[in-house]
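Student: I need the structure of the sequence given here:
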Amino acid sequence: MKILGILGSHRNDGATDMMLETVLSAVKAPNTTDMIYLEDYPFKPDQGDRKDPVLDKLEAKLLESDVWVIAAPTYWGGLAGKMKDFFDCMRQRLVRFDHDGGTHPDRFKNKHYLSITDCYTGTFENWVTGVTDQSFRTIDKVMSAAGVIKIHELVLTNTWGMKALPENKKQACLKWGARLNTEQKRDDSTLKRYIELFFMVAVMALLTMGIQVGLRLVSTADFWWRYASFVLIFYVLLGCILHFFTVVKHRRR
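Tutor: Residues are numbered from 1 along each chain as shown. Prediction:
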């Protein structure tokens, strides 16, 4: 299995690079690693049938890799421009377009990715305001369109003047780097988890309402109608809350 690090920052010796290098250092043989520093690749968008040769090289590296570790700092509350420019230039290659201009996963479908970002903002401020959220959303949106499956995300705060990774962040990077050594599943289990959640809600609601009936706390009139409506309403609300905290409200510390 091959793991590809993609560094989209102005420097290749800063906090973002330290995070990426630490993750890749935990990958062991027979797995291999490679790294792209985007500043070393003067890519340009394709112009119709005229393909950019630099993008050809980058595309080949993406295709031959099984896992991508995407690392870019957060500037002004958004993803660093170099990484965003890379995504924009690769747009025609990452997805397949239908006759209406809709995008569909193509050759990169079922690959996996781990995302990394960092910021000057303090830990508490980032936790409250979500300064790094937009960076993760941008990465996730591009990867989702390409059919690439998310493994995890790592964030580093308080990076102003930082010369070495804090020990807890170093250990987190090593932990997730080590996890990349295992073969990744080629499918996304999100739908499966939501189906399992529905049946858990249905069973717990039935038990709860059954106990209430047994204790004569509620009437048995229209029991099944009230039960079905409760399960559906509760499931939708719970699903929305879980989606917010696991997808919208990204890791901030």
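Student: C-alpha from now on. contacts and neighbour counts both.
Tutor: Noted.
Student: now stretch 9-18 - C-alpha only, CSV.
Tutor: Provided in CSV are the C-alpha atoms of stretch 9-18 (Å, rounded to 0.1, in the frame of the first residue of the first chain):
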residue,chain,number,x,y,z
SER,A,9,1.7,25.6,2.3
HIS,A,10,4.2,28.4,1.6
ARG,A,11,6.9,26.7,3.6
ASN,A,12,8.1,23.1,3.7
ASP,A,13,9.6,23.5,7.2
GLY,A,14,6.7,24.8,9.2
ALA,A,15,4.1,23.4,11.5
THR,A,16,2.0,21.9,8.7
ASP,A,17,5.1,20.0,7.3
MET,A,18,6.0,18.8,10.8
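Student: pLDDT on that stretch, on average?
Tutor: For stretch 9-18, the mean per-residue pLDDT is 94.
Student: swap in stretch 48-64?
Tutor: Mean predicted confidence for stretch 48-64 is 95.
Student: got a list of contacts for it?
Tutor: 2, 4, 41-46, 68, 90, 93, 107-108 (Cα atoms under 8 Å, 6 or more residues apart in numbering).
Student: let's see it at 10 Å
Tutor: The contact list for stretch 48-64 (Cα atoms under 10 Å, 6 or more residues apart in numbering) reads 1-6, 34-36, 38, 41-46, 68, 86, 89-90, 93-94, 107-108, 111.
Student: cool, stretch 203-221 as well?
Tutor: 197, 199-202, 223-224, 226-228, 230-231, 234.
Student: mind doing that once more with 6 Å?
Tutor: Taking contacts as Cα atoms under 6 Å, 6 or more residues apart in numbering, no residue outside stretch 203-221 touches it.
Student: quick check: next helix or strand after the helix or strand where Gly5 lies?
Tutor: Under the criterion of DSSP states H and E, Gly5 resides in strand 2-7. Counting by DSSP H and E, the next helix or strand C-terminal to strand 2-7 is helix 15-25.
Student: and this protein, what are its domain boundaries?
Tutor: Following automatic domain parsing, one gets these domains for the chain: 2-179, 190-248.
Student: out of the ones you listed, which one sits most buried?
Tutor: Sort the domains of the chain by mean neighbour count, taking mean count of other Cα atoms under 10 Å, and domain 2-179 sits at the top with a mean of 18.
Student: OK, contacts around Thr22?
Tutor: Thr22 neighbours (Cα under 6 Å, 6+ apart): Cys173.
Student: swap in 7 Å and give it another go.
Tutor: By Cα atoms under 7 Å, 6 or more residues apart in numbering, the contact list for Thr22 reads 170, 173-174.
Student: what of Val131?
Tutor: Gly77.
Student: where are the low-confidence patches of the stretch 51-200 of the chain?
Tutor: 183-190 (pLDDT under 70).
Student: ok so, going back, sort out for me which of the contacts of Thr22 are in helices.
Tutor: 170, 173-174 (DSSP state H).
Student: do you know how far Lys192 is from Leu237?
Tutor: 18 Å (Cα to Cα, to the nearest Å).
Student: just read off the phi/psi values of Tyr41.
Tutor: phi -120, psi 100 (degrees, to the nearest 10).
Student: pLDDT at the residue nearest to Ser65 when sequence neighbours are not counted, what is it?
Tutor: Residue nearest to Ser65 in three dimensions, not counting chain neighbours: Lys2, with 4.9 Å by Cα to Cα, 6 or more residues apart in numbering. Looking at Lys2, its pLDDT reads 96.
Student: and Lys2, how far from Val95?
Tutor: For Lys2, the distance to Val95 - Cα to Cα - is 21 Å.
Student: do I have it right that Ile3 meets Asp66?
Tutor: Yes: counting by Cα atoms under 7 Å, Ile3 does reach Asp66; the two are 6.0 Å apart.
Student: give me the residue at the spatial middle of the protein.
Tutor: The chain has Lys150 as the residue nearest its centroid, 4.4 Å off, counting by Cα atoms, centre = their mean.
Student: ok, longest helix in the chain?
Tutor: Under DSSP H, the chain gives helix 190-214 as its longest helix.
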